[in-house]
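1. kindly generate the corresponding structure for this input.
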Amino acid sequence: MLCKNTMASLVFLVALLLSCSSMSSAARYLEEVVPKKEYPPHPIVPELPKPELPPHPAVPELPKPEPPHPLVPEVPHPMVPETPKEPEVSHPVVPEVPKHELPPHPAMPELPKPELPHPVVPEVPKETEAPHPIVPKVPKDHDLPHPAVPETPKEPEVPHPVVPEVPKEHELPHPPVPEVPTEPHVPHPEVPKEPELPHPVVPEVPKHEMPPFPKAELPPKPEFHFPEPAAKP
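-> Modelled structure (predicted):
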């Protein structure tokens, strides 16, 4: 199969080469046989004179229209009262505190380091484990009945005071003057105070005295005697 494909491709390439060579030879033969046409020379075109144009007329500059400025009415500035200046308080003269001159530090002589011999530590005998003391069980508290707490009487509901309605402010006509008129001062109605109610007397609950707890007696601690180290000469 591969040989057949290669043979077919070779035959196709040879046919292409032959066709290209034949086409190039035919084109050369046609170029040699066909005579070339001789064209007449181009006629000489005379140059046209340039037309002289008249100069541009001078255009006068138009004046820029100025828009009329709107007339703004002058608003009178309100008179601001001058705030009184606070009086200057003179600062009290603080006397200078005299500095205490400290005496110079005395020169401390260097002390020689004493060389102490290492003391012989005697072996301490191990402590004997003492038996754990038996702690008696503490009896639980007896369930005591809860004391009856008397119910506190509810406080009587106090009716809310009726607050009178505040009269509405009358609308004043707007004057032509730009100053705004001050609103009239309306006195606030006095609200009556609520009456103080007496506090109910709560009876004291008697305290229950509990019996004292029994004290646990511990065995006496064992005494240990250690030998005193002998002093070296």
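2. number of residues surrounding residue 92?
-> Counted with other C-beta atoms under 10 Å, residues neighbouring residue 92 total 6. To be clear about C-beta, it is placed using only N, CA and C from the backbone, and glycine gets the same treatment.
3. my error: substitute residue 131 in the last question.
-> For residue 131, using other C-beta under 10 Å, the count is 7.
4. check what pLDDT it gets.
-> You'll see residue 131 listed with a pLDDT of 73.
5. now it: how far from residue 220?
-> 13 Å (C-beta to C-beta, to the nearest Å).
6. swap in residue 11?
-> In terms of C-beta to C-beta, residue 11 sits 131 Å off from residue 220.
7. between those two, which has more neighbouring residues?
-> The neighbour comparison of residue 11 against residue 220 (other C-beta under 10 Å) goes to residue 11, with 10 against 7.
8. show me what the helix or strand where that one lies is packed against.
-> For residue 11, the host element (DSSP states H and E) is helix 2-33. With contacts defined as 3 or more C-beta pairs under 8 Å, 6 or more residues apart in numbering; DSSP states H and E, helix 2-33 has no helix or strand neighbours.
9. just the mean pLDDT for it, thanks.
-> On average, helix 2-33 scores 86.
10. what about it, distance to the chain center?
-> The chain centre lies 86 Å from the centre of helix 2-33; the measure is C-alpha atoms, centre = their mean, to the nearest Å.
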